[in-house]
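**Student:** I would like the atomic coordinates for the input below:
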Amino acid sequence: MTNKDLFEALRMFEKEKDIPMDFMLQQIQKAIEIACKSYYGGNDNVVFKAEPEKNSFDVKLVKTVVEEVYDPNFEVTVEEAEQINKRKKYMVGDEIEVPLDPKRLGRIAVSSARNVIRQGIRAGEKGQSLIEFQSKLGEIVTATIERIDAKNGAATIRIGKSTAILPKTEQVGIDELHEGDMVKVYIADVKDSERGPHAIISRSHPGFVRRLFEKEVPEIFDGIVEIKSVTREAGSRTKMAVLSNNPDIDAIGSCIGPKGARVNAIVSELGGEKIDIIEYNEDPKKYISAALSPATVLKVDIIDEEARNCKATVPDDQLSLAIGNKGQNARLAARLTGWRIDIRPESGFYGEDEEDEVPAAEEQTPEEQTAEEITAGEQEPEDQELEEQDFDEQEPEEQEPEEQELEEQAEE
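**Tutor:** Sure thing, here's the model as predicted:
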């Protein structure tokens, strides 16, 4: 391969793999240094110069000028130095750059160099994948499905020039993916491991819905309407709280769009997933009431503001609606607001908060009041028995009939 062929191959590689030519030249230089170290007994003092514009590169091995050579891998005599470079006079101790032909390196050295170049190519590909994924972090991208695992349902998709795995758990339950299909995915995270960088992609992440609304609703994209919170159970239901920064703009209406066109487009992308859009409010009572929609909330009582506990009261006939199927509506409302919500019917639960009816104090005699106070006190069984014993001791003792007859005879 000539120098021209080498640089043409590097240019093609740069175009196909997006790996810069400068990076590849650095890998070639590193490979030559390792090869020289192996072939020349540890001498890896290499001068590498490349000029892609001229399709040329030059490799030289640095040696020291000495009177008598003890190690030809590191040293040359004055006469040898002057023969290599006739334009300069050398003295003992000078250094000279000896031209090197990489083709003359040993087989083992060339094999080592080849391995270094391959590792460099893989590192370059990983680096480009990492850059590509990081540039799209938190965004929605359109990818092509290359393969679907028949066992676990995971889909291998191509994003640009990189590939990623979409696990079954990150797919919407009603998704029907096929090889060759184009699918929108959300890049939730990017991690770099020993095996290389990989993107964590998802269609079930709440950020996926957030980005869909940002793309579909101009008011959100421009910052006029702000998405404060999103929570979802993918494939079933999403709750989203929005706030308008312009009093003349309706936040909920902007998200719904004319005749529901905007929200319907997103529902279609999500395969029919229901979306509840509510208005965010700084007042937790109003915010929690809205979050429990479509149920009507009569009132919200804050139980513990620091622990964020509250009680929401709803009409009796809307209790099941507020809780939702298998508790879904209440669960999503709690996630959306960050409050722990105790939902109660207006009439209360059976047997709850029952109090014994006690006659008014003014209608009772003093004796009755005293007796009631004693009865109302919480007494231990042992205390009650002792009191009964004391009460019995205060009563006059009953005498047997024989004792009464003896007393009468004595009196006579």
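
**Student:** Show me what the helix or strand E16 falls within packs onto, helices and strands only.
**Tutor:** If you go by DSSP states H and E, E16 is part of helix 3-17. The contact analysis (3 or more CB pairs under 8 Å, 6 or more residues apart in numbering; DSSP states H and E) places helix 3-17 against helix 21-39, strand 56-66, helix 107-135. All C-beta atoms are positioned from the backbone trio N, CA, C, and that covers glycine.

**Student:** Can you lay out these as JSON lines showing mean pLDDT?
**Tutor:** Shown next, in JSON lines, are the helices and strands packed on helix 3-17 (pLDDT from 0 to 100):
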{"stretch": "helix 21-39", "mean pLDDT": "79"}
{"stretch": "strand 56-66", "mean pLDDT": "85"}
{"stretch": "helix 107-135", "mean pLDDT": "68"}
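
**Student:** Can you say which of these is nearest to T163?
**Tutor:** With CB to CB as the criterion, T163 lies closest to helix 107-135 of the helices and strands packed on helix 3-17, at 8.5 Å.

**Student:** Please state the mean pLDDT value computed over the helix or strand following the closest one.
**Tutor:** Downstream of helix 107-135, the first helix or strand assigned by DSSP H and E is strand 140-148. Per-residue pLDDT over strand 140-148 has a mean of 90.

**Student:** Tell me which strands strand 140-148 pairs with, and in which orientation.
**Tutor:** As defined by DSSP bridges, the strand partners of strand 140-148 come to strand 155-159 (antiparallel), strand 182-193 (antiparallel).

**Student:** which residues are in contact with the next helix or strand after the first one?
**Tutor:** Yep, that's strand 155-159 we're talking about. Moving toward the C-terminus from strand 155-159, the next helix or strand (DSSP H and E) is strand 162-166. If you take CB atoms under 8 Å, 6 or more residues apart in numbering as the criterion, strand 162-166 is touched by 128-129, 132-133, 143, 146, 154-157, 177, 183, 185, 198-199, 201-203.

**Student:** Just the buried ones from the residues you listed?
**Tutor:** For those, a neighbour count by 16 or more other CB atoms under 10 Å gives the buried set as 128-129, 132-133, 143, 154-157, 177, 183, 185, 198-199, 201-203.

**Student:** and L61, how far is that from Y40?
**Tutor:** For L61, the distance to Y40 (CB to CB, to the nearest Å) stands at 7 Å.

**Student:** scratch that, K228 is what I was asking about
**Tutor:** For K228, the distance to Y40 - CB to CB - is 67 Å.

**Student:** Between these two, which is the more surrounded one?
**Tutor:** Y40 (21 against 15; other CB atoms under 10 Å).

**Student:** Point out where the stretch 151-300 of the chain drops to low pLDDT.
**Tutor:** The stretch 151-300 of the chain contains residues with pLDDT under 70 at 173-175, 194-196.

**Student:** Export the helices and strands packed on helix 3-17 as CSV, with columns for distance to V314.
**Tutor:** Converted to CSV, these look like this (distance: least, CB to CB, whole Å):
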stretch, distance to V314
helix 21-39, 64
strand 56-66, 79
helix 107-135, 46
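
**Student:** Can you say which of these is nearest to R335?
**Tutor:** If we rank the helices and strands packed on helix 3-17 by CB to CB, the stretch that ends up nearest is helix 107-135, at 28.0 Å.

**Student:** for this protein, what spans make up the helices?
**Tutor:** For the chain, the helices defined by DSSP state H cover 3-17, 21-39, 78-84, 107-135, 206-216, 218-221, 251-256, 261-269, 284-291, 319-323, 328-337, 366-376, 381-394, 401-411.

**Student:** V65 contacts V98, correct?
**Tutor:** No - if you go by CB atoms under 8 Å, V65 and V98 don't touch, sitting 10.8 Å apart.

**Student:** Between the two, tell me which one has more neighbours.
**Tutor:** V65 (20 against 15).

**Student:** hey, what's the more buried one bridged with?
**Tutor:** Beta-bridge partners, per DSSP bridges, of V65: V76.

**Student:** List the residues that contact it.
**Tutor:** By CB under 8 Å, 6+ apart, the contact list for V65 reads 75-78, 81, 90-96.

**Student:** switch the cut-off to 7 Å
**Tutor:** Neighbouring residues of V65 by CB atoms under 7 Å, 6 or more residues apart in numbering: 76, 78, 81, 90-94, 96.

**Student:** Scan the residues you listed and report the most crowded one.
**Tutor:** A81 (24 neighbours).

**Student:** List the buried residues in stretch 171-187.
**Tutor:** For stretch 171-187, by 16+ other CB under 10 Å, it's 171-172, 175, 177, 183, 185-187.
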